[in-house]
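[1] Sequence and computational prediction follow.
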Amino acid sequence: MIQEELRAALAAAAVAEGLVAPDEIGLEQPANREHGDWSSNLALATSKQAGSNPRELAQKLIDHLEQQGLDHVDKIDVAGPGFINFHLRETWLYDVLRHVVDVGVDGFGRNDLGAGRKINVEFVSVNPTGPLHAGHGRGAVYGDALAALLEWSGYEVTRETYINDRGVQMRTYADSLAARKAGEVPQEGGYHGQYIIDWANDMPDDADPLEWGYAHALADQREVLDQLGITFDVWFSEKSLVDNGELDASLDRLKDRGMVFDEGGATWLRSSDLGDDKDRVLVKTDGEYTYLTPDIAYHANKFSRADELVNVWGADHHGYVARMKAAMAALGNDPDMLDVQITQMVRLMRDGEEVKLSKRSGDIVELREVLEEVGVDAARFTYLLQSIDSQQTFDLALAVSQAKDNPVFATQYAHARICRVQAKVAEAGIERLPLADVDLSVLTHEREIEILRTLFSGPDLVVLAAKERAPHRVVGWVRELASAVHSFYQNPDCYVMGDGVPPELTQARLWLIEAARIGLAAALGRLGVSAPDSMWSDEAETEFA
RNA sequence: GCCCCCGUGGCCAAAUUGGAUAAGGCAACGGGCUUCUAUCCCGUCGACUGCAGGUUCGAGUCCUGCCGGGGGCACCA
């Protein structure tokens, strides 16, 4: 593609000028179009070693570049402090269009960043002691979208969740169910939610509260995750690690490596030697393990199956990161291969009012209720709108509104509009000719060029988003593409067919919107959001007509 | 007290990970459109990027110290 050619040309120019070119030559698409289509900071980055001022150096480099007779390049100039700006002919964007059509929805954005490395993405991982809440939805959708993004980028991905199916919380939960079943109030520190009362009512008299409660909670969580379109490759049981001796084995390994000591009747991990603020208890004085201990065995297990680990944790677990990394280092794993992503909190709003409690139960709002109110597409898209580093406001009313300020609607609508135009054109008996037979050089309108430029930036953005573990960047991109499509669609000078639109232009525009459709469908698909052919059901359509 | 995240026009926010003149949306103001099936399109107004230093050719972005908001600091999970 064009940027490789330009990079190679810049590298050659640097050599010709007697400079050592940086490993990665800076080349980007400037925000301001007056600065050309591509811009390099090569002269700025090397002016020191050249011992000359950046603008003069840039001009010398340009002299070398101009001798190379580069494809698509119209002119090259120096700007600002010493940027080298390439102004291209539109022909390079027609190559972009052909490429997008060639790779299609499945191939668009696909890249080899991961080079087949195995990566394990662990998310959700909540106690099987109750339903998933609205807040859990963010981590769930983020983890799933991140996994898809990594698959897109050439990783071999395992989607995994960890079930804390043993220990104090499970017993407390079972006791709370039993208490409600007996018509009593759960003890201090027990589970007091409305759902415990409901579930206790459903529990058969002869059921074991621990087993029944576990199965019920798990089934409940799984049902909602299924609705959300999230499927795990592995549901990993904490209990299994204890039962099969893996936990003791990892504890022994820590002891053998001298990372453990006894004090005050408890067993401690020397985590303070490895970056944690303090040492941590592994085995309590009562002989019970802390939460950390099986989790260490679990992470060791994951490292035996994958090259890299990603954990998606809620903000309330951030204090736990340092000790887990320390534990991995203590076991001889590379703590840098454990990447913990912390999701900040979600505030639910409806029409400007904060929603704290469930309408149905009066408890915390369940994820199920969010899905019922806004649907899967809107829920997924909305959860993914912002970086997980910042707190989120999720407006339920906005997520279902059919207006352009609803990002989900606007984005899906762009896809639907393209489909409607394609259908309309087909109905008119106009057939789309093979791309090779179509002259794309008639695509010169600003709106057309904007779509092509956005499409071009997609694949690079996918790589960046995968590196940053930031699916919201893909959301931002697809919104931008949708916006470019709407502007094109709305502009009377850009009609695909109709009076005054020459057949050649119709043909070129049909391919243009098909390329845009591919970009939209590819990105939405990876985010787990549908790309509809129409925004309105058949009934509504009839009504409107 | 210590740790993590955030702080960008009146409000919600983006910024190619250190680039040029800091996107876009809401609201306000001024025009226009009624379509290839949909509540739109174009323009104007509005920002010492929380504060103070530092590094750099260049800082919203990196470093230090403050201020403000949220979350966390268990032999709970």
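    Happy to help now that I have it.
[2] Residues of the stretch 51-200 of chain A that sit close to RNA strand B?
    By Cβ under 7 Å from any atom of the strand, the residues of the stretch 51-200 of chain A that approach RNA strand B are A:Pro54, A:Ala79, A:Gly80, A:Pro81, A:Gly82, A:Phe83, A:Asn85, A:Asn127, A:Asn164, A:Gly167, A:Val168, A:Gln169. All C-beta atoms are positioned from the backbone trio N, CA, C, and that covers glycine.
[3] Now that the fourth one has come up, it's in contact with A:Ser47, right?
    No. Taking contact to mean Cβ atoms under 8 Å, the distance of 9.4 Å between A:Pro81 and A:Ser47 leaves them out of contact.
[4] and the residue nearest the centre of chain A, what does it touch?
    Centroid-nearest residue in chain A: A:Pro471, 2.3 Å away (criterion: Cα atoms, centre = their mean). Under the criterion of Cβ atoms under 8 Å, 6 or more residues apart in numbering, the neighbours of A:Pro471 are A:Tyr142, A:Ala145, A:Leu146, A:Ala148, A:Leu149, A:Leu384, A:Ala465, A:Leu527.
[5] Among those residues, which pair sits farthest apart?
    A:Tyr142 and A:Ala465 (12.1 Å; Cβ to Cβ).
[6] what mean pLDDT would you report for stretch A:86-94?
    Regarding stretch A:86-94, the rounded mean pLDDT is 90.
[7] what comes up buried for it?
    Within stretch A:86-94, the residues that count as buried by 16 or more other Cβ atoms under 10 Å are A:Phe86, A:His87, A:Leu88, A:Glu90, A:Trp92, A:Leu93, A:Tyr94.
[8] Compare neighbour counts for A:Pro81 and A:Ser47 and give me the winner.
    A:Ser47 (19 against 13; other Cβ atoms under 10 Å).
[9] And for stretch A:189-207, what's in contact with it?
    A:129-131, A:172-173, A:175-181, A:185-186, A:209, A:212-213, A:216, A:358, A:361-364.
[10] can you give me the end-to-end distance of that stretch?
    23 Å (Cα to Cα, to the nearest Å).
[11] Please state the offset of it from the chain centre?
    36 Å (Cα atoms, centre = their mean, to the nearest Å).
[12] Return the set of buried residues in it.
    A:Tyr191, A:Gly193, A:Tyr195, A:Ile196, A:Ile197, A:Trp199, A:Ala200, A:Met203, A:Ala207.
[13] Same question for stretch A:446-460.
    A:447-460.
[14] contacting residues around that stretch?
    Residues contacting stretch A:446-460 (Cβ under 8 Å, 6+ apart): A:29, A:90, A:93-94, A:96-97, A:100, A:108-109, A:111, A:443, A:477, A:480-481, A:484-485, A:487-488, A:491, A:493-494, A:509, A:512, A:515-516, A:519, A:522-523.
[15] let's go with 6 Å and repeat that
    A:93, A:96, A:100, A:109, A:480-481, A:484, A:487-488, A:491, A:494, A:512, A:515-516, A:519 (Cβ atoms under 6 Å, 6 or more residues apart in numbering).
[16] go on, stretch A:230-241?
    By Cβ under 6 Å, 6+ apart, stretch A:230-241 touches A:140, A:144, A:158-166, A:247, A:294, A:297.
[17] Out of those, name the ones that lie in strands.
    A:Thr158, A:Arg159, A:Glu160, A:Thr161, A:Tyr162, A:Ile163 (DSSP state E).
[18] what's across from the second one in the sheet?
    In this case it means A:Arg159. Beta-bridge pairing for A:Arg159 (DSSP bridges): A:Val121.
[19] I figured it hits A:Ala148, correct?
    No. A:Arg159 lies out of contact with A:Ala148 (Cβ atoms under 6 Å); the separation is 9.2 Å.
[20] Roughly how far does A:Leu113 sit from RNA strand B?
    If you measure A:Leu113 against RNA strand B using Cβ to the nearest atom of the strand, to the nearest Å, the figure is 14 Å.
[21] Which of the helices or strands spans that residue?
    Per DSSP states H and E, A:Leu113 falls between elements, in no helix or strand.
[22] How about it, nearest residue that isn't a chain neighbour?
    A:Ser153 (4.1 Å; Cβ to Cβ, 6 or more residues apart in numbering).
[23] Which pLDDT value does the model give the one you found?
    For A:Ser153, pLDDT reads 94.
[24] Among the contacts of A:Pro471, which one lies nearest to A:Lys302?
    Nearest to A:Lys302 among the contacts of A:Pro471, with distances taken as Cβ to Cβ, is A:Leu146, at 15.9 Å.
[25] The closest one belongs to a helix?
    Yes. Looking at A:Leu146 with DSSP: H, G, I helix; E, B strand; the rest coil, it is inside a helix.
[26] how close does it sit to A:Gly528?
    11 Å (Cβ to Cβ, to the nearest Å).
[27] So which of the two has more stuff around it?
    A:Leu146 (25 against 21).
[28] Contacts only, for that one.
    By Cβ under 6 Å, 6+ apart, the neighbours of A:Leu146 are A:Arg469, A:Pro471.
[29] if we can go back for a sec, among the buried residues of stretch A:189-207, which ones are in helices?
    A:Tyr195, A:Ile196, A:Ile197, A:Trp199, A:Ala200 (DSSP state H).
[30] Would you mind naming what in the stretch 351-500 of chain A lies close to RNA strand B?
    A:386-387, A:389-393, A:402-405, A:413, A:417, A:420-421, A:424-425, A:460, A:464, A:468, A:470, A:472-473, A:476, A:483, A:486-492, A:494-498.
[31] Could you identify the buried members of those?
    A:386, A:392, A:413, A:417, A:421, A:425, A:460, A:470, A:472-473, A:476, A:483, A:486, A:488-489, A:494-497.
[32] my guess is A:Trp268 meets A:Lys255, correct?
    No. With contact defined as Cβ under 6 Å, A:Trp268 does not count as touching A:Lys255 (11.3 Å).
[33] the more surrounded of the two?
    Comparing A:Trp268 with A:Lys255 by other Cβ under 10 Å, the one with more neighbours is A:Trp268, at 18 against 13.
[34] isn't there a helix covering the more buried one?
    No. Going by three-state DSSP, the assignment for A:Trp268 is strand, not a helix.
[35] Just give the closest residue to it, not the sequence neighbours.
    Excluding its sequence neighbours, the residue lying closest to A:Trp268 (Cβ to Cβ, 6+ apart) is A:Asp279, at 4.7 Å.
[36] what residues are up against the one you found?
    A:Trp268, A:Arg270, A:Ser271, A:Ser272.
[37] What score does it have for pLDDT?
    A:Asp279 carries a pLDDT score of 94 in this model.
[38] Please tell me how far it sits from A:Leu524.
    Distance, A:Asp279 to A:Leu524, using Cβ to Cβ: 48 Å.
[39] from what I can see A:Val340 touches A:Val310, true?
    No. Checked against Cβ under 6 Å, the pair A:Val340 and A:Val310 is beyond contact range at 7.8 Å.
[40] For stretch A:433-443, list the C-alpha coordinates in CSV.
    Included here for stretch A:433-443 are C-alpha records, laid out as CSV according to Å, rounded to 0.1, in the frame of the first residue of the first chain:
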residue,chain,number,x,y,z
LEU,A,433,-20.9,-4.0,-13.8
PRO,A,434,-17.7,-5.8,-12.7
LEU,A,435,-15.4,-3.5,-10.9
ALA,A,436,-12.6,-4.0,-13.4
ASP,A,437,-14.8,-2.5,-16.1
VAL,A,438,-15.8,0.6,-14.1
ASP,A,439,-14.0,3.9,-14.4
LEU,A,440,-13.5,5.1,-10.9
SER,A,441,-11.8,8.4,-11.9
VAL,A,442,-15.3,10.0,-11.9
LEU,A,443,-15.3,9.8,-8.1
